[in-house]
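>>> Dropping a prediction and its sequence here:
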Amino acid sequence: MTATATMDASGGGEVLRTRGVTLRFGGLVSLQDIDLTMRRGEILAVIGPNGAGKTSLFNVLTGVYTPQEGELTFIRADGAPVSLLGRKPYRVNRLGLARTFQNIRLFAALTALENVQIAAERAQRSGPIANMLGMPWARRDQKASAGRAAELLEFAGLGARVNELAGNLNYGDQRRLEMARALASDPEVLLLDEPAAGTNRVEKEQMAALIRRINEELAISVLLIEHDMRLVMSVAHRVMVLNFGRVIAEGRPEQVQRDPAVVEAYLGAAEEDAENTRETGDAVGREDADE
Ligand SMILES: Nc1ncnc2c1ncn2[C@@H]1O[C@H](COP(=O)(O)OP(=O)(O)OP(=O)(O)O)[C@@H](O)[C@H]1O
C-alpha cells in the first residue's frame with residue numbers, strides 16, 4: 001500500500017490549522033502569512049532551504065514563539081477547535097502535540113529508560129513531591145511509567161538499549177530515543193525536526209520505518225522537517241515547501257519535486273553555497289548532505 005493510499009484510508013479531518021501566521025524578529029520576517037492545513041492521520045513534510053522558516057514554524061506551533069499575526073488552531077479528536085496562540089509549550093504538549101529538536105536534547109548521563117520514563121511521569125498525575133514522599137499512587141504511577149517507557153523503547157527498536165546511558169548511544173539510536181521520549185506524552189501530533197540529521201544510510205532507513213509505524217500503528221499524525229529528500233519522498237503523504245518564510249509549493253511529494261519554484265529555490269541555495277565555498281575555500285554543506 002502506498003503512503004497516499006494509507007492517508008486516504010484514514011479519511012482524517014483537520015488536526016492542525018494555521019491562518020495568516022507571520023513571525024518577525026525585528027526587521028527579519030521569519031514566517032510570512034503561513035496557511036497550513038494538516039489532516040488527522042497524515043505525514044506532512046515541511047521542506048525548504050536553510051533559513052526558510054521551518055523550525056520557526058515548529059516554534060510557533062509549540063508555543064516557543066508567539067507570532068505577531070495569524071491564527072493557530074489544534075482540532076481535537078471530537079472536532080472541537082482549540083487556539084494554540086499564547087499557550088506555553090507544556091500546555092501545547094498537554095493538548096496533544098509533542099516534538100523533537102534539531103539538536104538532540106537528551107539527558108546524556110541518564111539511561112535510555114530514564115529519559116523516556118521522566119517524560120512519561122510528566123504526563124501522569126503525580127508530581128515530583130508525591131514521588132519523593134513515596135505516596136502509594138505515586139509508586140504505582142512510577143511503576144506504570146517505567147513499563148510504558150520500556151514499551152516505547154521496544155517500539156522504537158531500542159529494546160536492547162534500555163539500560164545504556166543516552167550519551168553512549170550512537171547518533172541514530174539517540175534520534176530514535178528522542179522520538180520514544182516524545183511519544184511518552186501520548187501525542188496526537190508528533191513534530192519531528194530533522195530526525196535523520198547526522199545519521200547514516202542504514203539509520204535513515206530505520207528512521208523512515210519508525211516514522212511510518214508511528215503513523216500507521218499508533219495513528220499519530222506527523223509533521224516532519226527533513227532535508228533528506230529520499231526520506232521525505234518515502235514517508236510523506238504531502239509536502240509543503242517554504243522559502244524565505246513563505247509557502248512556495250504544496251502537494252504530493254512527486255508533484256512538489258518537479259515544481260519549478262521548488263527547483264529554483266534549491267538551486268538558488270546551492271549556488272549561494274557554492275559562492276560561499278569559492279569565497280572562503282571551505283566546503284559548505286550540512287553534515288548529513290549525503291544525497
Ligand atoms: N530567535 C531568533 N532570533 C532571530 N532570528 C531568528 C530566530 N529564530 C529564527 N530566526 C531567523 O528566522 C529565519 C528562519 O529560521 P529557521 O531556523 O526557522 O529556518 P529553518 O528553515 O529551520 O533553517 P534550517 O534548515 O537551517 O534549520 C532565519 O533567517 C533565522 O535566522
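Nice, thanks for sending it over.
>>> Show me how the record splits the protein into domains.
12-96+187-268, 106-186 (the TED database).
>>> Quick one: distance of the longest one to the chain centre.
Pointing back at domain 12-96+187-268 there. Between the centre of domain 12-96+187-268 and the centre of its chain there are 7 Å (Cα atoms, centre = their mean, to the nearest Å).
>>> Quote the end-to-end distance of it.
36 Å (Cα to Cα, to the nearest Å).
>>> Report whether it contacts the ligand.
Yes - using Cβ under 6 Å from any ligand atom, domain 12-96+187-268 comes into contact with the ligand via Phe25, Leu28, Ser30, Gly48, Asn50, Gly51, Ala52, Gly53, Lys54, Thr55, Ser56. Placement of C-beta: from N, CA and C, glycine included.
>>> Could you pull up the mean pLDDT of that domain?
On average, the pLDDT along domain 12-96+187-268 is 94.
>>> which SS class is the nearest residue to Phe244 once chain neighbours are set aside?
Leaving aside its chain neighbours, Phe244 sits nearest to Ala52 (6.6 Å; criterion: Cβ to Cβ, 6 or more residues apart in numbering). Classification of Ala52 using DSSP: H, G, I helix; E, B strand; the rest coil returns coil.
>>> hey, where'd the helices end up in the protein?
Ranges of helices within the chain are 3-10, 54-61, 89-95, 112-122, 128-132, 136-155, 171-183, 201-217, 229-235, 253-258, 260-280, based on DSSP state H.
>>> So for Arg161, which of those helices sits nearest?
Across those, Arg161 has its closest neighbour in helix 112-122 (5.2 Å, Cβ to Cβ).
>>> what sits up against that closest one?
106-107, 110, 131, 141-142, 144-146, 148-150, 152-153, 158, 161-166, 169, 173, 177, 180-182, 184-185 (Cβ atoms under 8 Å, 6 or more residues apart in numbering).
>>> Over to stretch 245-252?
4, 23, 29-36, 48, 52-53, 56, 237-242, 256, 259, 261-262, 265.
>>> before we move on, back to that, is it possible to get TSV of the helices of the chain that adds mean neighbour count?
As requested, those are arranged in TSV below (neighbours: other Cβ atoms under 10 Å):
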stretch	mean neighbour count
helix 3-10	16
helix 54-61	23
helix 89-95	16
helix 112-122	22
helix 128-132	12
helix 136-155	17
helix 171-183	23
helix 201-217	18
helix 229-235	18
helix 253-258	16
helix 260-280	13
